[in-house]
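Asks: What shape does this take:
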Amino acid sequence: MSSATQTRRILLLTAVLCVIWIGLGSWLPRPELAETNYVANRLRIERFLLDSAPSNVVVGTSLSGRLQPSFFSGTTLASMANLGLDGANPDTGLTLVLKQARPPERVFLEVHRLIMPPGANDTQLLNLTQGPGLELSRWAALTRAMSRPSTVLYGWLKGQQSGGGSTVTPGSQITRPGTVTVEPDPKWAPRIREKVRQVEARGTKVYLLRLPVGRENPVDAQAKSFADEASMELGLPLVDLYRLSQAEGVEIRYTDGLHLTPQSAVWLAGRLAQAVSSK
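Replies: The predicted structure is shown next:
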C-alpha cells in the first residue's frame, strides 16, 4: 500500500470518528469539571462567552469554581455561569464579564483574593480570549474543551462521586512548605471599583460573595472580616455564606481543607439563591 493511500485512509477514518463523536455529543453528559486547571478554566470561559448569555455569573477563584452551574437548577439563579477560575484573580472574571455582549443581570464577586494582584495565570487566560482559538471554537464545537474525550470521561467520573471530604477547624490555617507568598495590592480598591463601575454601567447588579474557606475561616464567624471592609469600600451588598452556614448550624465539608465538596457546594448554591431572593 502506498503512503498516499495510507494517508487518505487515515484522514477518512479521522473524519468518520469526528462525525461520530459530534453525534454522540448531543446525549453525552456535558462536563463541568476537567482533568487540569487550564482545561477547567477553558470550560468555564468558553461556556460563558460562547453559549447563550447567562442571567447570573459567579466571578472568583477556584473556591467559587466549586459552585457548578448545575447546582443552581431549580432555583431562582438557574441561569448561572461560573467564572471561578483556578489559580486566577477575581479581577480577571470581571474583565471577562465585560466581554460578554449581553450583560448578565447579576454578578456575584467572590471576596477571596480580591485584595491580591493579578498574576501570570490571569494574563494567560485573558490571552486565551483574544487569540484565534476562541473564535474557532465558536464555529467548531469539536475544538472546545467540553468536546475533549478525556474531559468528558473525567467530568462523568467525578460526577459519580458522592460523600467524602472532611470538616475543618476554623482558624487552623497552616503555611505549607514551598508556598510562595504574594504581597497584597495596595491599590486593589480603586482597581476593582473601576471594574465594578464598568459592569454596573451596563445594568448589572454586583454582589460581594463570601464563601466558607475551611482552614482560613475565623473562629468567630461574626468577627469583622475583609469581606465587611470590602463591602464598605466598594459600596456593594455582601452575601456572607460563611456566617449563614454557621448561624444555621450546617456542617460544611472540604476536599482538601479549603475547597468545598459537591454536597456542601450544592447547599451553598441553594442558600445563595434564597439570600438573593430575600433582598
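
Asks: Going by C-alpha atoms from here, please, whenever you check contacts or count neighbours.
Replies: Will do.

Asks: Could you pull out the strands in the stretch 151-279 of the chain for me?
Replies: 205-210, 238-240 (DSSP state E, counting those that start in this stretch).

Asks: Tell me which of the ones you listed sits nearest to Arg193.
Replies: Nearest to Arg193 among the strands of the stretch 151-279 of the chain is strand 205-210; the distance by CA to CA comes to 11.0 Å.

Asks: Mind listing residues that contact the closest one?
Replies: 105-112, 196, 199-200, 227, 231, 236-242 (CA atoms under 8 Å, 6 or more residues apart in numbering).

Asks: Residue nearest the middle of the chain, spatially speaking?
Replies: In the chain, the centroid-proximal residue (CA atoms, centre = their mean) is Gly84; its distance is 2.2 Å.

Asks: Can you give me the buried ones in stretch 219-229?
Replies: Neighbour-count burial for stretch 219-229 flags Ala221, Ala227, Asp228 (criterion: 16 or more other CA atoms under 10 Å).

Asks: First-to-last residue distance for it?
Replies: Chord length of stretch 219-229, first to last residue, is 18 Å (CA to CA, to the nearest Å).

Asks: What are the contacting residues of it?
Replies: Outside stretch 219-229, the residues that reach it (CA under 8 Å, 6+ apart) are Val111, Pro170, Gly171, Leu208, Arg210, Leu238, Tyr242, Arg243, Gln246.

Asks: can we see that at 7 Å?
Replies: Stretch 219-229 is contacted by residues Val111, Pro170, Gly171, Arg210, Arg243, Gln246 when judged by CA atoms under 7 Å, 6 or more residues apart in numbering.

Asks: what's the closest of the residues you listed to Tyr254?
Replies: When the contacts of stretch 219-229 are compared against Tyr254 (criterion: CA to CA), the nearest one is Pro170, at 12.2 Å.

Asks: The closest one touches Arg215, doesn't it?
Replies: Yes: Pro170 sits in contact with Arg215 when judged by CA atoms under 7 Å, with a separation of 5.4 Å.

Asks: neighbour count winner among the two?
Replies: Between Pro170 and Arg215, counted using other CA atoms under 10 Å, Arg215 has the larger neighbour count: 20 against 16.

Asks: hang on, isn't that one packed against Ser166?
Replies: No: when contacts are counted by CA under 7 Å, Arg215 is not listed as touching Ser166 (11.2 Å).

Asks: that older thread, by neighbours, which of the contacts of stretch 219-229 wins?
Replies: When neighbours are taken as other CA under 10 Å, the top entry among those is Val111 (25 neighbours).

Asks: Just the pLDDT for it.
Replies: With respect to pLDDT, Val111 scores 97.

Asks: For it, give me its contacts.
Replies: Taking CA under 7 Å, 6+ apart as the test, what Val111 contacts is Leu208, Leu209, Arg210, Ala227.

Asks: just Arg44 next, same as before
Replies: Asn82, Leu83.

Asks: so is the closest residue in space to Pro184 that isn't next to it in sequence in a helix, a strand, or just coil?
Replies: In this structure, Pro184 finds its nearest non-sequential neighbour in Met116, 4.6 Å apart by CA to CA, 6 or more residues apart in numbering. In three-state terms, and counting by DSSP: H, G, I helix; E, B strand; the rest coil, Met116 is coil.

Asks: can you count the residues close to Met116?
Replies: With other CA under 10 Å as criterion, Met116 counts 17.

Asks: From Leu234, how far out is it?
Replies: Met116 sits 15 Å away from Leu234, going by CA to CA.

Asks: residues near the residue nearest to Leu236 when sequence neighbours are not counted, how many?
Replies: With sequence-adjacent residues excluded and distances taken as CA to CA, 6+ apart, Leu236 is closest to Tyr207, at 5.9 Å. The criterion is other CA under 10 Å. On that basis, Tyr207 has 21 neighbouring residues.
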